[in-house]
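K.L.:
sequence unknown, structure follows:
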């Protein structure tokens, strides 16, 4: 039996990093990416196609 790895929380992403990541991802995938700030202050880039499915 393989032991489970402990879950590691991701490092918080600054607005500048999130925006740069979103721009790079949008260019690569040729889609619109929206960066939003969650209630806990974290930022996350998302594909608008995924957001439309919520």
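P.N.:
Thanks, I have it. Please read these numbers as outputs of a predicted model, since none were measured by experiment.
K.L.:
Show me the helices in this structure, by range?
P.N.:
In the chain, the segments counted as helices under DSSP state H are 15-29, 48-52.
K.L.:
Looking at the longest one now, give me its mean pLDDT.
P.N.:
Okay, so that is helix 15-29. On average, the pLDDT along helix 15-29 is 83.
K.L.:
so how far is that helix off the chain centroid?
P.N.:
On the basis of Cα atoms, centre = their mean, to the nearest Å, helix 15-29 sits 9 Å off its chain's mean C-alpha point.
K.L.:
residues of stretch 18-26 that come out buried?
P.N.:
By neighbour count with 16 or more other Cβ atoms under 10 Å, stretch 18-26 contains the buried residues 18, 21, 22, 26. For every residue, glycine as well, the C-beta is placed using N, CA and C.
K.L.:
how far away is the third one from residue 1?
P.N.:
Taken as Cβ to Cβ, to the nearest Å, the spacing of residue 22 relative to residue 1 amounts to 40 Å.
K.L.:
count of neighbours near residue 17?
P.N.:
Residues lying near residue 17 (other Cβ atoms under 10 Å) number 14.
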